[in-house]
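>>> predicted model, plus sequence, below.
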Amino acid sequence: KKPDLHSGLFAQQPMGNDFGKGANRMAIAAMANVVNLDKTELMALQRQFQDIAQREGNPNTITRTEFQEGLELVGITEGDREILDRLFTMLDRTGDNQINFREFVVGIAPLINGDVMAKLNFSFQLFDMDGTGQVQPQEMQFILQSMNNTCSYFGDQAMTSQDIEQLVEAVFREADVSQTGTLSYEEYMHAVAAHPTL
């Protein structure tokens, strides 16, 4: 016997927009638990994200050009285009050159309230630009140079290009125990412990 969709449990379900709002609140509650953010803050962030997303293209995603404004919503300001592009690429899990709200929140959560391990994992992903699970010297040098440019822009003490090159050489000389010319996740973690500048 088929269920009667006009009575019982089915008749009491909210229809249309109300159901969507309830489902959204449940999704926000679940997401808040996973990323350790307050539900109220997460709902406010979602509204601000949607305001940005609705300006152009898909109203549920932000583009690479809107990304910096999205980061500013959570207090992350970054003046260097290369680092912003790298962060965007990391968060764009589907590769469609757009980031939906879930990708955005899950991606930035380690930066805004993650523990040390979450931030270290994030930094490994940042350095591993080609996603191979290995950090190459040129990847490390590129990211460090980009970060250095940002420090310099804000008036913070910056390293010279030669300093960065020497640091990368020292890191790989000491940490690349497998002699592959790249750093595995474990080797990278040892390198970070020995060189906190990373």
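Structure's in. What do you need? All figures in this text were calculated on a predicted structure; none of them were measured in a lab.
>>> from what I see, T63 and G57 are in contact.
Yes: applying CB atoms under 8 Å as the test, T63 and G57 come out as touching, 6.2 Å apart. Where C-beta positions appear, they are placed from N, C-alpha and C, glycine not excepted.
>>> and these two? Which one has more around it.
The neighbour count for T63 versus G57, taken as other CB atoms under 10 Å, is higher for T63 (18 against 14).
>>> pLDDT score for Q98?
For Q98, the model assigns a pLDDT of 90.
>>> and it, backbone torsions?
phi -140, psi 150 (degrees, to the nearest 10).
>>> nearest spatial neighbour of it, skipping sequence neighbours?
Ranked by CB to CB, 6 or more residues apart in numbering and with sequence neighbours excluded, the top spatial neighbour of Q98 is T61, at 3.8 Å.
>>> need the contact list for that neighbour.
By CB atoms under 8 Å, 6 or more residues apart in numbering, the contact set of T61 is A53, Q98, I99, N100.
>>> so which of the residues you listed is the closest to H190?
I99 (32.1 Å; CB to CB).
>>> assign Q46 to helix, strand or coil.
Under DSSP: H, G, I helix; E, B strand; the rest coil, Q46 falls in the helix class.
>>> what separation do you get for it and G131?
According to CB to CB, to the nearest Å, Q46 stands 28 Å off from G131.
>>> who has more neighbours, the two?
In terms of neighbours (other CB under 10 Å), Q46 is the more surrounded of Q46 and G131; the figures are 18 against 9.
>>> so that one is in contact with F101, correct?
Yes: when contacts are counted by CB under 8 Å, Q46 is listed as touching F101 (5.7 Å).
>>> for stretch 45-58, buried residues please.
Buried residues in stretch 45-58, defined by neighbour count with 16 or more other CB atoms under 10 Å: L45, Q46, F49, I52, A53.
>>> revised request: answer the last question for stretch 164-174.
When burial is assessed from 16+ other CB under 10 Å, stretch 164-174 yields the following buried residues: I164, L167, V168, V171, F172.
>>> where's Q68 relative to D96, distance?
Q68 is 19 Å from D96, where distance means CB to CB.
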